[in-house]
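>>> Build me a structure from this.
(one chain, ligands or ions: 1)
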Amino acid sequence: MADTTLMDKLVSLCKRRGFVFQSSEVYGGLGSVWDYGPLGVELKKNLKERWWRAMVHARDDIEGLDAAILMHPRVWEASGHVAGFTDPLVDCRTCKARFRADQVATASCPQKPSKAPGAHSACDLTEPRLFNLMFKTFMGPVEESAAVVYLRPETAQGIYVNYLNVLNSSRQRVPFGIAQIGKAFRNEITPGNFIFRTREFEQMEMQFFVRPGTDEEWFERWRGLRMGWHHEIGLTPSKLRWHEHGPGELAHYAKAAFDIEYEFPFGWQEIEGIHNRTDFDLSRHQEYSGKKLEYFDQAANERYLPYIVETSAGADRVALTVLADAYREEQVDGELRVVLGLHPALAPIKAAVLPLVKKDGMPEVALALYHDLRRHLPMFYDDSGAIGRRYRRMDEAGTPFCFTVDGQTLEDRTITVRHRDAMTQERLGLDQAATWLLERVAAG
Ligand code: ATP
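As a prediction, the model looks like this:
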């Protein structure tokens, strides 16, 4: 049963605390498009940085890329998107709701939520129909069919058509990978669940080019590494699982595909796909462009089209996963405490500096500490209201630590460190605060 209350609370917290706002809200919003506020942009940036570090900086065999969103329209013919990028959909003639044909069995009828669409006596479903999900626009001053370009529906194609450029300009040899983070656009027919399925989103994709015959081994290796990454960012392991695509589910390009799924309040859903795409993409681009895209293996003196193992995650979808996983409510001294238990590396604000009272020289010491620390990390200074309320505000924002300047600070130059999760307190020398915090943010 979907826990819609939890999602409602999360959406409301995201708005209240400046994580996520509806796009163009003053005009009534734009369907399934969202904006990231001050805390949300930090969270998403931290997530992308961690991905980039794990995939590019920490490895010798992966290079980064930032390809343009607009590409030659032939790219999308070669990729199969112009012909086949469609989700079959089913409409209900009675309530006008629309469902993805492959999700009818698990969706609920808007008029009778305990039943699936079609199972309620009033339902009148159409046969599944196809819609193209690519956004079209025009390049140049004339709006004619020859000027049509698409907003890319995935970042992967920018990697495929650049793979020889990257190879020739770097020291890489197969096996090697190219990683990219960027926007993608899909005119989803059944978007929803907040930032889970949106029409504009960001992908974190890595395409790994391997010698045919070694693809299965690399596929297994990447599956392990990617699941490990989701554990490292702090997601609850028991809420993560694998879903293997069966023969009927496999995309036209894939030899094998596994999704990493997370148990959201609205059920188990994909957050990342790991695909063995064989040489489908490169052979199609070779055919459509007329350019040789083979790799020459000098050591073995042979030419071949590499196979590709893809890892594809949505930055927004993983951000939602992190938020949903971190959200908790607790009763503390008869009061409700809402906490975002974010991993310190992902938390938008790393620590708050709070003078216990606004007098006796405490604000001066606290402000000096705040100014010193914010040279290294995002910090927050707060001197308004009771200290307990200030702690709660930081709990809701996911801030892992609070540094309080109190009477004792003025005597011995130590501060109180308050831990978000355990709510325990300890004392720390003022001059150790920066090192202490940097160590904790970098750890894990
Ligand atoms: P779904 O079945 O959920 O539509 P998909 O199988 O089409 O996803 P892929 O094309 O494999 O997804 O894209 C890889 C990743 O990109 C997904 O795992 C997801 O994290 C993200 N993603 C895809 N579509 C969207 C979307 N509309 N909104 C947000 N993230 C998305």
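
>>> Torsion angles phi and psi at the residue in the chain that the ligand sits nearest to?
Across the chain, no residue is closer to the ligand than Gly314, which sits at 2.7 Å (C-beta to the nearest ligand atom). Placement of C-beta: from N, CA and C, glycine included. Here is the backbone geometry of Gly314 (degrees, to the nearest 10): phi -100, psi 130.

>>> Check the contact between it and Gln269; I expect there is one.
No. Applying C-beta atoms under 8 Å as the test, Gly314 and Gln269 come out as separate, 10.8 Å apart.

>>> what about those two, which has more around it?
Of the pair Gly314 and Gln269, Gly314 is the one with more neighbours under other C-beta atoms under 10 Å, namely 23 against 17.

>>> residues touching that one, list them.
When the contact criterion is C-beta atoms under 8 Å, 6 or more residues apart in numbering, the partners of Gly314 are 201-204, 271-272.

>>> let's see it at 10 Å
184, 195-198, 201-205, 270-273, 320-321 (C-beta atoms under 10 Å, 6 or more residues apart in numbering).

>>> again, but for Ala352
Neighbouring residues of Ala352 by C-beta under 10 Å, 6+ apart: 366, 370, 379-382, 390-391, 393-394, 397, 399-404, 418, 420.

>>> One more: Ala156?
Counting by C-beta under 10 Å, 6+ apart, Ala156 has contacts 67, 79, 178, 180, 184, 203, 205-207, 253, 275, 277, 281, 308, 310, 312.

>>> try Ser32
So Ser32 contacts 22-23, 187-188, 190-201 (C-beta under 10 Å, 6+ apart).

>>> which SS class is it?
Assigned state for Ser32: coil (three-state reduction, DSSP: H, G, I helix; E, B strand; the rest coil).

>>> Can you say which of the contacts of Ala352 are also within reach of the ligand?
Restricting the contacts of Ala352 to those within reach of the ligand (C-beta under 6 Å from any ligand atom) leaves nothing.

>>> Just the ones in strands from the residues you listed, please.
When DSSP state E defines the strands, the subset of the contacts of Ala352 inside them is 379-381, 401-404, 418.

>>> from what I can see Ser312 touches His275, true?
Yes. Distance between Ser312 and His275: 7.2 Å, which falls inside the contact criterion (C-beta atoms under 10 Å).

>>> Would you mind telling me which of these two has the busier surroundings?
In terms of neighbours (other C-beta under 10 Å), His275 is the more surrounded of Ser312 and His275; the figures are 24 against 20.

>>> What is the host helix or strand of that one packed up against?
In this assignment (DSSP states H and E), His275 forms part of strand 267-278. Using 3 or more C-beta pairs under 10 Å, 6 or more residues apart in numbering; DSSP states H and E as the contact definition, the elements that strand 267-278 packs against are helix 156-160, strand 200-210, helix 215-232, strand 240-244, strand 256-264, strand 307-314, helix 315-326.

>>> how close does the spatially closest residue to Lys239 that is not a sequence neighbour sit to Arg98?
With C-beta to C-beta, 6 or more residues apart in numbering as the criterion, Lys239 has its nearest non-adjacent residue at 4.3 Å, and that residue is Glu263. Glu263 sits 25 Å away from Arg98 when distances are taken as C-beta to C-beta, to the nearest Å.

>>> Kindly report the same for Glu310.
29 Å.
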